[in-house]
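K.L.:
Any chance you can model this:
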Amino acid sequence: MSTIVVIPTYNEIENIEDIIRKVMGLRVPFHLLIVDDSSPDGTANIVRRLQKEFPERLHLEVRQGKQGLGTAYIHGFQWAIAHEYDYIFEMDADFSHNPDDLEKLYAACYEEGYDVAIGSRYIKGVNVVNWPMQRVLMSYFAGYYVRFITGMPIMDTTAGFKCYRRKVLETIGLDTIKFVGYAFQIEMKFLAWKYGFKIKEVPIIFTDRTKGESKMSVGIFREAFLGVIQMKVESLFKRYVY
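P.N.:
Alright, predicted model coming up:
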């Protein structure tokens, strides 16, 4: 079964070579697609150099300008669908997601038969390292808020470390996704759940980045807060059939 990991990047020159080498060294022969938004620090140049070392497995898509996390993932997902990958993963470039856990997510889908596997920070307590308590509480209670509004039985609703079977991404309609930040992560899970796909949360330990700068902003949280209500209201007038 063919697998590909989609990693969006913007100014990740401090992390990109290490994350690529780590993924390429795993037992499962993952392919890797870097979606770079024309990073001014030269992130894409590092990827091009490493493509000579991993010519069949490392791929690069460079977009013009910083267009947002959600659109980067959608671009990567559409590329992966067009190239007929069976299992499509998303993860960050900054090692906040441990690449070793890719194999756990793969096992949940390939061996256990789930359609979506979520690397969950909150399925077994709170497993977050290097976050200030304020951010831990904000993230945890954001999940509670999303569950309350949507009814979605997922503990880590904003998680960005996931594996999808291709049919999930083909079904939910990537062209219709509205949001770009935290709300993008919520919307993807909400649609997978509404369409009735089997979802499993796999416990992971999330470690905040030690190199580079966080892309988090107040606007991203605001989009998520209001976007959840919008998603719920719109879902009342839509049928989810595949």
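K.L.:
Residues in contact with the lowest-mean-pLDDT helix or strand in the chain: which ones?
P.N.:
Least confident helix or strand, the chain: strand 128-129 with a mean of 72, by mean pLDDT, DSSP states H and E. Strand 128-129 is contacted by residues 121, 136, 139, 205-208 when judged by Cβ atoms under 8 Å, 6 or more residues apart in numbering. The C-beta positions use only the backbone N, C-alpha and C, and glycine is treated the same way.
K.L.:
How far off centre is it?
P.N.:
Put simply, strand 128-129 sits 18 Å off its chain's centre (Cα atoms, centre = their mean, to the nearest Å).
K.L.:
can you start the count at 122 instead of 1 from here on
P.N.:
Noted, 122 is the first residue going forward, which turns the last one into strand 249-250.
K.L.:
mind listing what's buried in the next helix or strand after that strand?
P.N.:
Scanning forward in sequence from strand 249-250 by DSSP states H and E, the next helix or strand is helix 254-271. Judged by neighbour count (16 or more other Cβ atoms under 10 Å), helix 254-271 contains these buried residues: 260-261, 263-264, 267, 270-271.
K.L.:
same deal with stretch 269-287?
P.N.:
For stretch 269-287, the neighbour count (16+ other Cβ under 10 Å) marks 270-271, 273, 275-287 as buried.
K.L.:
Which of the residues you listed fall within strands?
P.N.:
Among the buried residues of stretch 269-287, the ones falling in strands (DSSP state E) are 283-286.
K.L.:
Out of these, the closest to residue 142 would be?
P.N.:
The shortest approach to residue 142 among these belongs to residue 284, at 20.8 Å (Cβ to Cβ).
K.L.:
now the closest one: how far from residue 182?
P.N.:
Residue 284 sits 20 Å away from residue 182, going by Cβ to Cβ, to the nearest Å.
K.L.:
Same question for residue 123.
P.N.:
To residue 182, residue 123 is 18 Å away according to Cβ to Cβ.
K.L.:
ditto for residue 139
P.N.:
Separation of residue 139 from residue 182 (Cβ to Cβ): 20 Å.
K.L.:
Between these two, which has more neighbouring residues?
P.N.:
Ranked by neighbour count (other Cβ atoms under 10 Å), residue 139 and residue 182 place residue 182 first, with 18 against 14.
K.L.:
The more buried one reaches residue 199, doesn't it?
P.N.:
No - assessed by Cβ atoms under 8 Å, residue 182 is found out of contact with residue 199, at 10.0 Å.
K.L.:
count of neighbours near residue 197?
P.N.:
As a burial measure, residue 197 scores 23 neighbours (other Cβ under 10 Å).
K.L.:
Next: residue 316.
P.N.:
Other residues lying near residue 316 total 16 when counted by other Cβ under 10 Å.
K.L.:
quick one: contacts for it?
P.N.:
289, 292-293, 361-363.
K.L.:
who wins for most neighbours among these?
P.N.:
Of all the contacts of residue 316, residue 289 has the most neighbours under the rule other Cβ under 10 Å, reaching 23 neighbours.
K.L.:
in this structure, which spans are helices?
P.N.:
137-145, 164-172, 190-203, 223-231, 254-271, 287-293, 303-315, 339-356 (DSSP state H).
K.L.:
Buried deepest among the ones you listed, which one?
P.N.:
Highest mean neighbour count among these (mean count of other Cβ atoms under 10 Å): helix 303-315, with a mean of 23.
K.L.:
What is that one packed up against?
P.N.:
helix 190-203, strand 237-241, helix 254-271, helix 287-293, strand 320-324, helix 339-356 (3 or more Cβ pairs under 8 Å, 6 or more residues apart in numbering; DSSP states H and E).
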